[in-house]
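**Student:** Just need the structure, nothing else, for what follows:
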Amino acid sequence: MPNFLAMSFEGTLAPSFDLRCLHPGHKLPDGWGIGFYPGDEPAAIILKEPAPPSGSIRSELIKVWEHLESSLFLLHIRTATWGTLTDANTQPFKRAWARREWLLAHSGSLTHRLDLTPSQHFEPVGSTDTELLFCELMSTIAQNGWRSIGDVDPLRLQLWFDSVNEHGSMTMVLTDGLDLCVYADRNDEGGVFVWELLPPYGRVVFGDDDLEVDLSKRGIKSRKGVLISSDLLLAQADHPSNWRRLAPGSLMVVRQGAIRVDLPALPRRDDAPRTNIAARPAPRLPAPQEPKELTVTHRTVYRYSKPVERSMHVLRLIPVHDRLQSLLDYHIDFSVEGKLREYDDVFGNRARRMLVETPFSELVIEARSRVRVLDADPLGYRPLRARSTIPLVWMPWQREVLQPFLLPPELPESELHELTEYAMSFVQRNDADLLDTLLDMNASIYGEYEYKQGTTTLTTSPFDTYASRVGVCQDFANLFICLARLLSVPACYTCGYIYTGPVAHRMSEASHAWAQVYLPEVGWRGFDPTNGILTQTDHVRVAVGRNFRDATPTSGTIFVGGGDETLEVDVRVELAT
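**Tutor:** Below is the predicted model:
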């Protein structure tokens with residue numbers, strides 16, 4: 001029977017909890033309670049029951065109650081050491097501070113009651129050692145002016161837990177409704193197990209003889225999550241569990257289903273000083289690079305089972321020439337004669353339209369270019385202390401110009417609603433900072449989605465990619481663009497080439513695709529979620545648009561003839577010599 005189970009997800013989830021320990025024939029616990037934050041509000045709801053009877057009605061409620069929906073849950077099952085079996089002594093405990101309600105659960109017990117100075121602002125209601133510690137901890141947080149777990153210095157918090165740990169077992173979970181903090185007893189009195197749950201998954205059920213949790217009973221959602229339990233709970237359905245034991249004395253902070261801080265145990269007094277005291281790093285900002293000169297050869301071959309007698313072709317194969325990229329040389333060859341006309345399309349792409357009225361069974365188009373890429377420091381536009389936050393506010397005339405890049409794809413409202421929750425999880429995880437949110441989205445798609453050719457088509461939607469967690473560069477760019485637009489961040493689809501160098505990145509065999517977002521007072525900047533990087537001097541821009549249809553390298557229409565078509569594309573990007 002676990003003393004506690006804490007769960008944090010990216011977006012809301014509605015799990016079902018079955019307290020089997022209250023079924024007939026089981027040994028009854030001394031109490032149980034569950035806390036959660038409905039609608040991710042700062043106020044918590046707690047359902048609790050001391051000395052529960054077998055077949056408790058309240059326990060049946062948490063199996064089926066549709067309002068039990070949140071991104072964060074804290075369940076505690078009590079075995080009493082201090083205090084009578086009353087509501088006041090049943091965890092999780094709740095205190096209000098800085099316009100938020102904080103919850104705490106404790107696995108273990110002190111060996112003796114501490115003689116603490118009463119706090120002016122926080123006093124115990126019950127008589128347990130846990131509530132006394134909770135009040136002391138909240139007093140420490142208030143005295144330091146910390147208004148959330150995100151404000152707390154994690155090392156100082158770990159030191160506080162360590163100091164109390166000398167008086168008994170101290171595995172403890174604290175949450176303010178946004179962050180979830182867990183400390184593992186440094187003497188290893190009772191374990192702490194962590195499961196980083198990654199989509200896609202079907203039915204997810206786990207538990208033991210005393211508790212069963214079904215994450216998918218009310219519908220399967222592609223929600224990443226971090227589950228923390230005082231006992232090892234085994235999977236009982238399609239998705240296997242992958243628990244790992246948290247090292248004794250360590251401290252972990254989780255937000256929106258992602259681990260933000262992961263501190264190893266502090267050294268004991270007779271140990272050598274610890275040299276690596278750091279939180280899990282934020283997304284790494286790119287270092288400036290030197291401009292790079294690249295040559296690109298793009299060869300496209302169309303073959304038909306029957307001769308094509310009349311056709312029209314639109315080509316976007318000419319790299320962009322602007323202040324961040326210089327086109328030094330360009331040449332294109334066609335194996336078939338046609339009438340050519342060059343123009344700038346509505347997105348500013350240099351396009352060519354070719355009308356072919358000579359019959360052919362094979363069409364070869366080979367474009368060769370030499371480009372100098374100057375976008376060496378994409379974030380060097382202003383001091384890093386200049387912070388933009390979400391939501392972005394646009395002037396009416398700005399919104400009118402940016403409108404094509406603010407509209408998400410036409411998807412069912414239910415799918416857009418779930419994608420919006422997913423996008424907002426990144427915002428909440430990064431305190432609404434614009435750049436941190438975009439970097440997190442970019443890194444998460446790279447780290448959590450599988451690059452696999454042949455699994456998607458041109459009709460694959462961003463929601464399909466989100467649900468399956470698999471795709472190619474076009475799919476990852478479409479998903480990133482969709483999420484950005486749902487946050488009112490203008491984003492466009494970009495088609496071009498990538499130089500992979502001696503170490504290959506994930507990429508398509510032909511042209512590459514990524515996203516560009518418009519940053520206020522900065523301009524368009526490239527994010528490549530396929531490789532988890534910002535575009536610098538390895539990316540050659542060719543065309544942009546609302547989606548791939550606006551920027552596709554080659555397209556066309558056959559008016560007469562044709563038949564079965566085969567397409568071969570070969571792209572080579574090399575350092576210029």
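**Student:** how's the protein carved up into domains?
**Tutor:** For the chain, the structural domains run 4-263, 294-374+554-575, 396-536, going by automatic domain parsing.
**Student:** now these as a markdown table including distance to residue 287, mean pLDDT and mean neighbour count?
**Tutor:** The way it works is simple: take the backbone N, C-alpha and C, and place the C-beta from them, glycine included. As requested, the domains of the chain are exported to a markdown table (distance: least, Cβ to Cβ, whole Å; pLDDT from 0 to 100; neighbours: other Cβ atoms under 10 Å):
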| stretch | distance to residue 287 | mean pLDDT | mean neighbour count |
| --- | --- | --- | --- |
| domain 4-263 | 24 | 89 | 19 |
| domain 294-374+554-575 | 16 | 94 | 16 |
| domain 396-536 | 9 | 91 | 19 |
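**Student:** closest one to residue 380 among those domains?
**Tutor:** Distance to residue 380, taken as Cβ to Cβ, is lowest for domain 396-536 among these, at 10.3 Å.
**Student:** how far does the closest one stretch from start to finish?
**Tutor:** End-to-end distance of domain 396-536 (Cα to Cα, to the nearest Å): 31 Å.
**Student:** One more: stretch 465-483?
**Tutor:** End residues of stretch 465-483 are separated by 12 Å (Cα to Cα).
**Student:** Give me the nearest residue to the most far-flung residue of the chain relative to its centre, chain neighbours excluded.
**Tutor:** Ranked by distance from the centre of the chain (Cα atoms, centre = their mean), the top residue is residue 358, with 52.0 Å. Spatial nearest neighbour of residue 358, excluding adjacent residues (Cβ to Cβ, 6 or more residues apart in numbering): residue 337 at 5.4 Å.
**Student:** wait, doesn't the residue farthest from the centre of the chain sit right on residue 338?
**Tutor:** Yes - Residue 358 lies in contact with residue 338 (Cβ atoms under 8 Å); the separation is 7.3 Å.
**Student:** Confirm that residue 354 sits in a helix.
**Tutor:** No - the assignment for residue 354, made by DSSP: H, G, I helix; E, B strand; the rest coil, is strand rather than a helix.
**Student:** How about the contacts made by it?
**Tutor:** Neighbouring residues of residue 354 by Cβ atoms under 8 Å, 6 or more residues apart in numbering: 312-315, 334, 338-341.
**Student:** mind listing which of the residues you listed are in helices?
**Tutor:** Judged by DSSP state H, helices contain none of the contacts of residue 354.
**Student:** export those to a markdown table and tack on distance to residue 246?
**Tutor:** Compiled in a markdown table, the contacts of residue 354 are given as follows (distance: Cβ to Cβ, whole Å):
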| residue | distance to residue 246 |
| --- | --- |
| 312 | 63 |
| 313 | 60 |
| 314 | 57 |
| 315 | 57 |
| 334 | 63 |
| 338 | 67 |
| 339 | 70 |
| 340 | 65 |
| 341 | 66 |
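**Student:** And the spatially closest residue to residue 208 that is not a sequence neighbour, how far from residue 64?
**Tutor:** In space, residue 208 comes closest to residue 233 once its chain neighbours are excluded; the distance is 5.7 Å by Cβ to Cβ, 6+ apart. Distance, residue 233 to residue 64, using Cβ to Cβ, to the nearest Å: 21 Å.
**Student:** do residue 521 as well
**Tutor:** Taking Cβ to Cβ, one finds residue 521 at 51 Å from residue 64.
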